[in-house]
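Engineer: Sharing a model that was predicted from the sequence below.
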Amino acid sequence: MKNKMSKIILLLLLSICTKAQVLPLKEQAKVIDAVLENRLNQLLPSLMEKNNIDMWVVISREYNEDPVLKTMLPATWLSARRRTILVFYNNPTTKVYKKFAVARYSVGDNIEANWDMKKFPDQWDALNNIIETYRPNKIALNTSQNFGHADGIDHTEYEQFTQKLSASNKAKVVSASNLAVAWLETRTPMEMQYYSQLNSITHKIIAEGFSSKVITPGITTTDDMVWWFRQKVNDLGLTTWFHPSVEIQRNDNAVFDHLKAFTNTDKDNIIRTGDLLHVDFGITYLRLNTDVQEHAYVLGPDEREAPSYLSNGLKTANRLQDILTQQFKENKTGNKILSDALAQAKQENIKGVIYTHPLGFHGHAAGPTIGMWDNQNDTPGSGDYPMHYKTAYSIELNAATFIKEWNKEVRFMLEQNGYFDEKGFWYLDGRQTKLHLIGGGNN
């Protein structure tokens, strides 16, 4: 009954989402908790069975939270409380699925407290009692060499826990890395009902920023733009997971520097007509994240559209996007997707760099790494991780085009967010195929 009511609540709130961009905090909390209930009760047991883990123990202390635990807390919990221990037990044979909080409090409505402090004054003894009661085959902890998101148990907690274990139970301790990554990367149908809206909000903010409402050529600087984006996010009641950046490529002698392009080093760079602008921007809303890069052209007094050589450069970058996403296949590793996409791009004479990453609870999320801007070869570890269905990605890359009118190479840096499932890959709110136009009577 509770699960049914949560779905009804979520559907009602999603209908509100179509009328107002950002929900009030109280309504956001209802959505977050309804989604969490669904994930804990429907998604997690299947992931544990798929990864052959029958007990998962997540341990954190207040203000030193495991990244996974943060995604399991109810909306009204902003951190763990003292030491918070979550235990998930799933036996697919007996159909027994249990969720415990070895803590002073129940963790929301979904994970009930299971610590009799009179019987077990020591919290570790209470945890051991659960282990001895259910006798799991494996005790999975969040340790991981390849994914920081799945490496959340700290040294002290690991030592204290394992020292309390019997020799037989200590032998059952395994890494929960694949399970933790699966939990983080898998998007549920309930989440996907509103993930497109996050991207729509992101695109609308960028469109407003790349307009004459915000930019006055000859006066507005890139640093002004960066802080406009930050302020806009704050005014809307949203947050962001990274400081945005705004860069300029123009008809001058400057050579493209990838590192410089994302570090806001030219804070007093004044925007002028004829400039090609680039923004890297994302938001955090309802515990999910976006990560988008788009371009704009600043029109001159007599211009009504961008020069064809710039529009064609954008088209080349769009083609590189297609080449990459056409390589997406279940169980194909990030390294293999990268190498196959680069090989196809080379055949088509596209000079591209691909650095695509998973997206979800984190901006740079857990899952297969598909290239890095400073490494177009295999990425050991995270690049060897396979792609799975029901996962979201930030399609991040750039394509270089030599612009003879500027006598130099220009990089078209794009990033758009999409979702991959059994039907293939699709963008959550479309993608940029035309340059934003600033001035010249356009806006």
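Structural biologist: Perfect, I can see it now.
Engineer: count of neighbours near residue 154?
Structural biologist: Using other Cβ atoms under 10 Å, residue 154 has 14 other residues around it. In this view, the C-beta of every residue, glycine as well, is placed from N, C-alpha and C.
Engineer: Excluding chain neighbours, what is closest to it?
Structural biologist: Excluding its sequence neighbours, the residue lying closest to residue 154 (Cβ to Cβ, 6 or more residues apart in numbering) is residue 64, at 6.2 Å.
Engineer: got it, and residue 287?
Structural biologist: Closest residue to residue 287 apart from its sequence neighbours, by Cβ to Cβ, 6+ apart: residue 32 at 5.8 Å.
Engineer: just checking, that neighbour is part of a helix?
Structural biologist: Yes. Inclusion of residue 32 in a helix is indicated when DSSP: H, G, I helix; E, B strand; the rest coil is applied.
Engineer: surely the residue nearest to residue 154 meets residue 153?
Structural biologist: No. Using Cβ atoms under 8 Å, residue 64 is not in contact with residue 153, being 10.3 Å away.
Engineer: Those two: which is more packed in?
Structural biologist: Looking at residue 64 and residue 153 with other Cβ under 10 Å, you find the greater number of neighbours at residue 153, namely 22 against 13.
Engineer: Next up, identify which helix or strand the more buried one is on.
Structural biologist: Per DSSP states H and E, residue 153 falls between elements, in no helix or strand.
Engineer: How much space separates it from residue 79?
Structural biologist: Here residue 153 is placed at a distance of 16 Å from residue 79 (Cβ to Cβ, to the nearest Å).
Engineer: Could you do residue 54 as well?
Structural biologist: For residue 54, the distance to residue 79 (Cβ to Cβ) stands at 29 Å.
Engineer: before we move on, what about residue 328?
Structural biologist: 36 Å.
Engineer: who has more neighbours, those two?
Structural biologist: More neighbours surround residue 328 than the other of residue 328 and residue 79, with 21 against 14 (other Cβ under 10 Å).
Engineer: Mind checking what secondary structure the more buried one has?
Structural biologist: Residue 328 carries the three-state label coil when classified by three-state DSSP.
Engineer: is it true that it touches residue 425?
Structural biologist: Yes. The pair residue 328 and residue 425 qualifies as a contact (Cβ under 8 Å) at a distance of 5.0 Å.
Engineer: check which helix or strand covers residue 280.
Structural biologist: Secondary structure here is read from DSSP H and E; on that basis residue 280 sits in strand 276-281.
Engineer: how about the residue nearest to residue 116 when sequence neighbours are not counted, what does it touch?
Structural biologist: When the adjacent residues along the chain are set aside, residue 116 lies closest to residue 126, with 7.0 Å between them (Cβ to Cβ, 6+ apart). Neighbouring residues of residue 126 by Cβ atoms under 8 Å, 6 or more residues apart in numbering: 102, 114-117, 119-120.
Engineer: Pick out the most distant pair among those residues.
Structural biologist: Taking Cβ to Cβ as the measure, the contacts of residue 126 span a maximum distance of 12.5 Å, between 102 and 119.
Engineer: More neighbours: which of those two?
Structural biologist: More crowded of residue 102 and residue 119, by other Cβ under 10 Å: residue 102, with 23 against 9.
Engineer: okay, and for the protein, where does confidence drop off?
Structural biologist: Low-confidence segments of the chain, defined by pLDDT under 70, span residues 1-20, 256-268, 441-443.
Engineer: switch to 50 and redo it
Structural biologist: In the predicted model, the chain carries pLDDT under 50 at residues 1, 5, 8, 16-20.
Engineer: picking up where we left off before, partners of the residue nearest to residue 154 in the sheet?
Structural biologist: residue 61 (DSSP bridges).
Engineer: Now find how far off-centre stretch 381-397 is within its chain.
Structural biologist: Here stretch 381-397 shows a centroid-to-chain-centroid distance of 11 Å under the convention Cα atoms, centre = their mean, to the nearest Å.
Engineer: Would you mind measuring the gap between the ends of it?
Structural biologist: Start-to-end span of stretch 381-397 (Cα to Cα, to the nearest Å) is 21 Å.
Engineer: swap in stretch 159-168?
Structural biologist: End-to-end for stretch 159-168, by Cα to Cα: 16 Å.
Engineer: Dead centre of the protein: give me the residue that sits there.
Structural biologist: With distances taken as Cα atoms, centre = their mean, the residue of the chain nearest its centroid is residue 359 (2.7 Å).
Engineer: What values do phi and psi take at that residue?
Structural biologist: Listed backbone geometry of residue 359 is phi -150, psi 140, with angles given as degrees, to the nearest 10.
Engineer: still on that earlier bit, state the distance from the residue nearest to residue 154 to residue 364.
Structural biologist: Using Cβ to Cβ, one obtains 20 Å as the distance from residue 64 to residue 364.
Engineer: and what of residue 270?
Structural biologist: Following Cβ to Cβ, the distance that separates residue 270 from residue 364 is 31 Å.
Engineer: likewise residue 45?
Structural biologist: Residue 45 is 28 Å from residue 364, where distance means Cβ to Cβ.
Engineer: Repeat that for residue 304.
Structural biologist: Applying Cβ to Cβ, the value for residue 304 to residue 364 is 39 Å.
Engineer: likewise residue 110?
Structural biologist: 27 Å.
Engineer: Check residue 89 too.
Structural biologist: For residue 89, the distance to residue 364 under the criterion Cβ to Cβ works out to 31 Å.
Engineer: Would you mind writing the CA trace of stretch 72-91 as CSV?
Structural biologist: Extracted C-alpha coordinates of stretch 72-91, given in CSV (Å, rounded to 0.1, in the frame of the first residue of the first chain):
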residue,chain,number,x,y,z
MET,A,72,20.3,6.0,0.4
LEU,A,73,19.4,8.7,3.0
PRO,A,74,15.9,10.2,3.0
ALA,A,75,15.4,13.8,1.9
THR,A,76,15.3,15.1,5.4
TRP,A,77,18.7,13.6,6.3
LEU,A,78,21.5,15.9,5.2
SER,A,79,24.2,13.6,6.6
ALA,A,80,24.7,10.4,8.4
ARG,A,81,24.1,10.5,12.2
ARG,A,82,27.0,9.6,14.4
ARG,A,83,27.9,6.2,12.9
THR,A,84,25.3,5.0,10.6
ILE,A,85,25.4,1.3,9.4
LEU,A,86,23.1,0.0,6.8
VAL,A,87,22.7,-3.7,6.2
PHE,A,88,21.0,-5.3,3.2
TYR,A,89,20.4,-9.0,3.1
ASN,A,90,18.9,-10.8,0.1
ASN,A,91,18.4,-14.5,-0.3
